[in-house]
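S.K.: pasting the structure only:
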Ligand SMILES: Cc1cc2nc3c(=O)[nH]c(=O)nc-3n(C[C@H](O)[C@H](O)[C@H](O)COP(=O)(O)OP(=O)(O)OC[C@H]3O[C@@H](n4cnc5c(N)ncnc54)[C@H](O)[C@@H]3O)c2cc1C
């Protein structure tokens, strides 16, 4: 069997295996769960998914993870997370969970290339960027439409871009884009930002940043690349076409829980419901990080949940002897 994983062509089929603890996801939550489970000699196996390191791999630096007073390059933090877990015996497999059966134990997880069974399962599949769902968005993704300023900002040197959104991510990424772009216009559907005050202050004072308030993007236009956006003022209904080179969309996240629908209790937004921080509705299945946390959404909080999930998995397995 052959499949593409993060630009890598992977081939071959394996039998899969039975493991004590299977971790789905290699973001901060999955990495930290792997470290704790490995130190507890539970010999965890991590299915990394498409994004080794999770959303951290989409940014350049992390400045607010404790222990690194000068900040740390995101890739270096990922490498360190992984190396630390591997030091205690955690194994990482580049594969994607495609189907799970949580109705009986051992739990079954199918991937593109194998079938695994596990005595305990830690779900750390994180969250993904929310889409605008407007005409042109899908067609022009990678051709001027982006969800990651750190990944794509470089391509917009001396160009004009818009940032869609009004929260922390939109403003933070808008500020980041000023390193490259000639002008950054933040388009927000309300008349004030939701971002933290210190970010708002930086954005309002930045000479390269402009704002368009009470406005939504209704269409992204362009043939082979983004050429313009159609905007609608939500108060007046007035429409106009604005020529633009790039569209960066930061309008929130959706949890990666499609796989678990009907098997685990999810909240109305699709996040896994947890009690005692990391316990799901199925005993032996634990959830950690953004897949179960719409509120804090940080590297440190996700890593904290990963550690807690591994500790709970150990309690669960030792209670049943
Ligand atoms: C651009 C950007 C900048 C950020 N900057 C900061 C910052 O400075 N400081 C900070 O604290 N936080 C920052 N964050 C937030 C931080 O990255 C997240 O809070 C954190 O990564 C969440 O960790 P997680 O492990 O829960 O999930 P994620 O990081 O989302 O990881 C999810 C993992 O699950 C895997 N996965 C998904 N589905 C499957 C599947 N079916 N099978 C197998 N694997 C699967 C993915 O491949 C990935 O490895 C930033 C986020 C972004 C996007």
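M.R.: Sure thing, it's come through. Computed from a predicted model, the values in this text were never measured in an experiment. Residues are numbered from 1 along each chain as shown.
S.K.: and the longest helix for this structure?
M.R.: Ranked by residue count under DSSP state H, the longest helix found in the chain is helix 299-319.
S.K.: that helix near the ligand at all?
M.R.: Yes. For helix 299-319, a contact with the ligand is found by Cβ under 6 Å from any ligand atom, at 299, 300, 302. Bear in mind the C-beta positions are built from the backbone N, C-alpha and C, glycine included.
S.K.: residues in the chain within reach of the ligand, list them.
M.R.: 24-30, 47-51, 54-56, 58-59, 62, 64, 96-97, 124-127, 148, 150, 256, 259, 289-291, 297-300, 302.
S.K.: so what's whichever residue of the stretch 151-300 of the chain sits closest to the ligand closest to, chain neighbours aside?
M.R.: Using Cβ to the nearest ligand atom, residue 289 is the residue of the stretch 151-300 of the chain that sits closest to the ligand, at 2.1 Å. Excluding the flanking residues, the one nearest residue 289 by Cβ to Cβ, 6 or more residues apart in numbering is residue 29, at 2.7 Å.
S.K.: in what helix or strand does the closest residue to residue 256 other than its chain neighbours lie?
M.R.: Sequence neighbours aside, residue 125 is the residue nearest to residue 256 in space, at 4.0 Å (criterion: Cβ to Cβ, 6+ apart). Residue 125 is part of no helix or strand, with elements assigned from DSSP states H and E.
S.K.: tell me the contacts of residue 125?
M.R.: 24, 25, 49, 97, 255, 256, 257, 259, 291 (Cβ atoms under 8 Å, 6 or more residues apart in numbering).
S.K.: among those residues, name the buried ones.
M.R.: With burial judged by 16 or more other Cβ atoms under 10 Å, the buried subset of these is 24, 25, 49, 97, 255, 256, 257, 259, 291.
S.K.: okay if I get those as JSON lines plus pLDDT, distance to residue 144 and secondary structure?
M.R.: JSON lines is the format used below for the buried ones among the contacts of residue 125 (pLDDT from 0 to 100; distance: Cβ to Cβ, whole Å; DSSP: H, G, I helix; E, B strand; the rest coil):
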{"residue": "24", "pLDDT": "98", "distance to residue 144": "33", "secondary structure": "strand"}
{"residue": "25", "pLDDT": "98", "distance to residue 144": "30", "secondary structure": "coil"}
{"residue": "49", "pLDDT": "97", "distance to residue 144": "26", "secondary structure": "coil"}
{"residue": "97", "pLDDT": "98", "distance to residue 144": "32", "secondary structure": "strand"}
{"residue": "255", "pLDDT": "97", "distance to residue 144": "27", "secondary structure": "strand"}
{"residue": "256", "pLDDT": "97", "distance to residue 144": "25", "secondary structure": "coil"}
{"residue": "257", "pLDDT": "98", "distance to residue 144": "30", "secondary structure": "coil"}
{"residue": "259", "pLDDT": "97", "distance to residue 144": "31", "secondary structure": "helix"}
{"residue": "291", "pLDDT": "98", "distance to residue 144": "30", "secondary structure": "helix"}
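S.K.: ranking helices and strands of this structure by mean pLDDT, which lands last?
M.R.: When each helix and strand of the chain is scored by mean pLDDT, DSSP states H and E, strand 8-11 comes last, with a mean of 51.
S.K.: restricted to buried residues, select the residues of the chain next to the ligand in ChimeraX.
M.R.: Those of the residues of the chain next to the ligand that count as buried under 16+ other Cβ under 10 Å are selected in ChimeraX with:
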select :24,25,26,27,28,29,30,47,48,49,51,54,55,56,58,59,62,96,97,124,125,126,127,148,150,256,259,289,290,291,297,298,299,302
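S.K.: tell me the two of the buried ones among the contacts of residue 125 that are most distant?
M.R.: 97 and 255 (14.4 Å; Cβ to Cβ).
S.K.: and the strand ranked longest in the chain with helix 299-319, angle?
M.R.: Looking across the chain with DSSP state E, the single longest strand is strand 115-123. With axes from the mean of the first three to the mean of the last three Cα atoms, to 10 degrees applied, the angle from strand 115-123 to helix 299-319 works out at 120 degrees.
S.K.: partners of strand 115-123, with directions?
M.R.: strand 18-24 (parallel), strand 107-111 (antiparallel), strand 285-287 (parallel) (DSSP bridges).
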